[in-house]
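>>> need a structure here:
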Amino acid sequence: MSRNAAQGGDVTPAATSGRKRRAYAPRVPAAQRRTQLLDAALHLVVTRGHNAVTMDAVAEQAGVTKPVVYSVFVNRADLLAALLHREQRQGMAQLLSVLPADLDRLPVDPAELVEQALTRFLRVVRAAPDRWHCIVLPMADMPAPFHLAREEARADVLGRTTEVARSLLRSLDAPPELDPEIVAHAVVALFEMAARLVLTDPERFPVDRFRAAVRAAVDLAHPR
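Numbers count the residues shown, from 1 in each chain. So this is what the prediction gives:
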């Protein structure tokens, strides 16, 4: 009989079951793992704030070990920089996708133009709620680079919306007092407000409710 057995010291699985080891994360392609970790970080930003995004917290949120996170990102700063780059790039691409690409072929009906753009935009918001939460809702602990990126993106969209408004007003032979820049500010503010309501109370503010309201408002000001 072995010494351990004689002393009642056999180490069996049952004897060590009180200390449960964390399961290893399955191997996945590098790009998929990077996306998984960035999604986990974004969710933490939305639910707990930027300050809550640590390597430990991201690992726990993603269901992996901390070494897995370090195998993809050097440190927390590297992870946050990657998150900012991804959200800035994809958010801008989504914004540009809802604006008319050809200013020489805008719909004659202004209600149709605003209605279509707003509907596409709100569908984008609902498809990526965490991303748009960071863009349109206030966040007290937002780091300066994130805040700057958000303001730069808004300025870019405002400039492009002004171009659309100018082209549309010219095609309608609108009076010069109808300032395209002010129209653009009003439209961007409308879209931001609609996004906030869709994110915070989607049952009460479905996309179709906004579409119908925009159609009615523009028709009132510009009867067909």
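>>> At the geometric centre of the protein, which residue do we find?
In the chain, the centroid-proximal residue (C-alpha atoms, centre = their mean) is residue 131; its distance is 1.1 Å.
>>> I'd assumed residue 45 was in contact with it.
No - in this structure, residue 131 is not within contact of residue 45 by C-beta atoms under 8 Å, at 10.0 Å. No exception for glycine: its C-beta is placed from N, CA and C like everyone else's.
>>> Could I get the average pLDDT for the longest helix anywhere in the chain?
Ranked by residue count and defined by DSSP state H, the top helix of the chain is helix 144-171. Helix 144-171 comes out with an average pLDDT of 90.
>>> dump the residue contacts of the residue nearest to the centre of the chain.
Taking C-beta atoms under 8 Å, 6 or more residues apart in numbering, we find residue 131 in contact with 42, 87, 90, 91.
>>> In TSV, list these along with secondary structure, neighbour count and distance to residue 110.
TSV is the format used below for the contacts of residue 131 (DSSP: H, G, I helix; E, B strand; the rest coil; neighbours: other C-beta atoms under 10 Å; distance: C-beta to C-beta, whole Å):
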residue	secondary structure	neighbour count	distance to residue 110
42	helix	21	36
87	helix	23	31
90	helix	12	29
91	helix	20	26
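>>> Nearest to residue 99 among these?
Among the contacts of residue 131, residue 91 lies closest to residue 99 (C-beta to C-beta), at 13.5 Å.
>>> what about stretch 201-213, distance to the chain center?
Distance of stretch 201-213 from its chain centroid, counting by C-alpha atoms, centre = their mean, to the nearest Å, is 19 Å.
>>> So for it, mean pLDDT?
92.
>>> So for stretch 145-162, what gets flagged as buried?
146, 149, 150, 153, 157, 160, 161, 162 (16 or more other C-beta atoms under 10 Å).
>>> Spatially, which residue comes closest to the fifth one, not counting chain neighbours?
The one in question is residue 157. residue 95 (5.3 Å; C-beta to C-beta, 6 or more residues apart in numbering).
>>> OK, contacts around the one you found?
Residue 95 neighbours (C-beta under 8 Å, 6+ apart): 121, 153, 157.
>>> This protein: helices as residue ranges?
Taking DSSP H, the helices of the chain run over residues 3-6, 30-48, 55-62, 66-72, 76-98, 110-127, 129-136, 144-171, 180-200, 207-221.
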